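**Q** structure for the following, please:
(chains A, B and C)
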Amino acid sequence: MRYWLLKSEPDVFGIDNLAAAPQRTTGWEGVRNYQARNMLRDDFRQGDRAFFYHSSCAVPGVAGVVEVVREAYPDPTQFDATSEYYDAGSTRAAPRWFSVDVQLEKRIEPVITLPELREHAAGALREMLILKRGNRLSVTPLTAAEWQCIVALRPSIASSRATKSTAGSRTRSKKT
DNA sequence: GCCAACGTTGGC
DNA sequence: GCCAACGTTGGC
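**A** This is a model prediction of the structure:
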């Protein structure tokens, strides 16, 4: 199982929207960056977990934990001429963009803020992409160690579900 | 609103 | 294939 961080602007779609969605599940649509696309399409697996991160807002930070409940399928918005994500250059026969479905597992309250994450920028989160200058990728991988570090910042997260054993699992760090 | 950083585009 | 211009992202 792998770990991820998914960025979203709460003004567009935030943790409140996800909590209110049917089955607390949403398609992760609108990703239009090839590096991010490749991860969604090739690397996301059912059962992977991700942090839901609020960006471009008053309090940037980690607002929830989600689980990947459906692996990659063509992002429907690329075919919708009325969507801001429409891509006239993509076809159903050879779709260019992909989505996965994620389900809200647990809100994180209060949000783990960016300054709080930065407190660990010299330690456990030293390689965390989102803390690096200029990183703009909306989909980034996390190592198991990074995930554990962040989870440990809010003891309430651990109690959200029966702890799955992660013994023996490995998280591959991906070149980006 | 500012600005740094990055990805994409397009001329050559 | 180079690279400057441009648009976007995202924190502040």
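**Q** tell me what the lowest-mean-pLDDT helix or strand in chain A is packed against?
**A** Lowest by mean pLDDT, DSSP states H and E among the helices and strands of chain A is helix A:155-158, with a mean of 87. Under the contact criterion of 3 or more CB pairs under 8 Å, 6 or more residues apart in numbering; DSSP states H and E, helix A:155-158 touches strand A:98-113. C-beta coordinates here come from the backbone N, C-alpha and C atoms, glycine included.
**Q** what are the buried residues along the strand it packs on?
**A** Buried positions in strand A:98-113, judged by neighbour count with 16 or more other CB atoms under 10 Å: A:98, A:99, A:100, A:101, A:102, A:104, A:105, A:106, A:107, A:108, A:111, A:112.
**Q** the first one touches residue A:39, doesn't it?
**A** Just to be clear, that refers to residue A:98. No - counting by CB atoms under 8 Å, residue A:39 is not a contact partner of residue A:98; they are 9.7 Å apart.
**Q** spit out the residues that contact the two alike.
**A** Counting by CB atoms under 8 Å, 6 or more residues apart in numbering, residue A:98 and residue A:39 have no common neighbour.
**Q** what about chain A, any weak spots by pLDDT?
**A** Low-confidence segments of chain A (pLDDT under 70): A:160-176.
**Q** can you list the buried residues of strand A:98-113 in JSON lines and add distance to residue A:14?
**A** Converted to JSON lines, those look like this (distance: CB to CB, whole Å):
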{"residue": "A:98", "distance to residue A:14": "22"}
{"residue": "A:99", "distance to residue A:14": "18"}
{"residue": "A:100", "distance to residue A:14": "18"}
{"residue": "A:101", "distance to residue A:14": "17"}
{"residue": "A:102", "distance to residue A:14": "13"}
{"residue": "A:104", "distance to residue A:14": "11"}
{"residue": "A:105", "distance to residue A:14": "16"}
{"residue": "A:106", "distance to residue A:14": "15"}
{"residue": "A:107", "distance to residue A:14": "11"}
{"residue": "A:108", "distance to residue A:14": "13"}
{"residue": "A:111", "distance to residue A:14": "10"}
{"residue": "A:112", "distance to residue A:14": "15"}
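**Q** helix, strand, or coil at the residue of chain A positioned farthest from its centre?
**A** Distance from the C-alpha centroid of chain A, by CA atoms, centre = their mean, peaks at residue A:93 (27.1 Å). Of the three states, residue A:93 takes coil under DSSP: H, G, I helix; E, B strand; the rest coil.
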